[in-house]
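**Q** My questions are about this predicted structure, shown below with the sequence.
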Amino acid sequence: LRGSYSEGFLAPSFDQLYFPDFGNPNLKATTSSEYDGGIEKRFGELAGITVTYFSRRVHQLVVDVPCTPTPTSCQFGSLPANLGRNDVQGVEVVPSLYLFKGFSLNGSFTALDSTHDPRITDLQPIRVPKHSASAVAQYKHSNLFMSGDQFISSLFYQFIGDRQDLDTQAPFTEHNHSNYQLFNLTLSYKLGEEFVPHLHDEEVFARIQNLFDRNYSQSFGFPATPINFEAGIKVGILP
């Protein structure tokens with residue numbers, strides 16, 4: 001069993017305060033308090049699960065508020081403002097499986113329930129999904145070709161549920177932004193120690209992001225990149 005209590009403080013960013021035709025110098029700092037409690041259980045070496053309930057209260061949350069552009073103000077269709085009070089409670093479930101040597105499957109699922117007491121009528125936080133999840137399937141194999149080497153393959157999964165978002169086109173209103181799912185694949189091979197004199201942690205890696213070439217966006221007006229590849233070599237130099 002475990003539990004905690006915490007408090008937080010976040011000052012507005014420089015752009016939120018002073019960016020030309022967008023900043024709001026009257027913004028107040030965001031403060032928050034949160035408590036959580038949960039249970040963590042292991043089932044030998046095969047599996048484990050953690051379940052956590054949390055409740056968070058946020059005061060003066062900064063959000064973007066739609067506005068009507070004019071020649072002298074609101075050039076971007078929105079301005080930052082303090083929301084008022086935002087109460088969020090939810091449950092997070094984190095399971096893990098270790099089916100055989102070198103293979104692990106870990107994930108998390110979060111469900112949120114929010115209530116708001118806005119200073120401005122109908123003002124709500126944006127881009128906050130009620131449901132989200134992630135998972136990673138990873139396989140590690142050591143001593144594959146030589147002593148001390150390591151091969152790692154990881155498949156990442158992410159789900160973001162639908163949420164309210166601010167349109168970037170006139171009339172700059174809020175409406176539902178559909179959910180999306182994303183897969184990323186990473187492969188890496190690390191040489192054994194002292195394989196190359198004066199070097200350590202030599203590693204070759206390759207990453208494929210947006211593996212299934214999904215068409216999605218994290219926020220309106222900013223579409224995500226299509227499937228893309230990255231490869232490289234990392235080395236460390238001994239002193």
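**A** Noted; the coordinates are in hand.
**Q** going forward, measure contacts and count neighbours with C-alpha atoms only.
**A** Fine.
**Q** Identify the residues contacting the nearest residue to residue 92 once chain neighbours are set aside.
**A** Once flanking residues are discounted, residue 92 sits nearest to residue 110: 4.4 Å by C-alpha to C-alpha, 6 or more residues apart in numbering. Counting by C-alpha atoms under 8 Å, 6 or more residues apart in numbering, residue 110 makes contact with 90-93, 130-133.
**Q** and those residues, which two are the farthest apart?
**A** 93 and 130 (14.1 Å; C-alpha to C-alpha).
**Q** ok, back up a step: I'd like the distance from the helix or strand harbouring the residue nearest to residue 92 to the chain centre, please.
**A** Here residue 110 sits within strand 103-118, counting by DSSP states H and E. Offset of strand 103-118 from its chain centre (C-alpha atoms, centre = their mean, to the nearest Å): 11 Å.
**Q** and it, what's its mean pLDDT?
**A** What strand 103-118 shows for mean pLDDT is 90.
**Q** That one pairs with which strands, and in what direction?
**A** Note on strand 103-118: by DSSP bridges, its sheet partners are strand 84-100 (antiparallel), strand 131-142 (antiparallel).
**Q** Can you give me the buried ones in the first one?
**A** Residues 84-87, 89-98 are the ones in strand 84-100 that count as buried (16 or more other C-alpha atoms under 10 Å).
**Q** what's in contact with it?
**A** Under C-alpha under 8 Å, 6+ apart, the answer for strand 84-100 is 45-61, 104-119.
**Q** which residues does the residue nearest to residue 92 bridge with?
**A** Counting by DSSP bridges, residue 110 is bridged to residue 92, residue 132.
**Q** what's the spacing between it and residue 206?
**A** Distance, residue 110 to residue 206, by C-alpha to C-alpha, to the nearest Å: 30 Å.
**Q** Next, count neighbours for residue 231.
**A** Residue 231: 12 surrounding residues under other C-alpha atoms under 10 Å.
**Q** Can you name the helix or strand that it falls in?
**A** strand 228-237.
**Q** how far out from the middle of the chain is that strand?
**A** 23 Å.
**Q** Now residue 17. Its backbone dihedrals?
**A** Main-chain dihedrals, residue 17, degrees, to the nearest 10: phi -90, psi -40.
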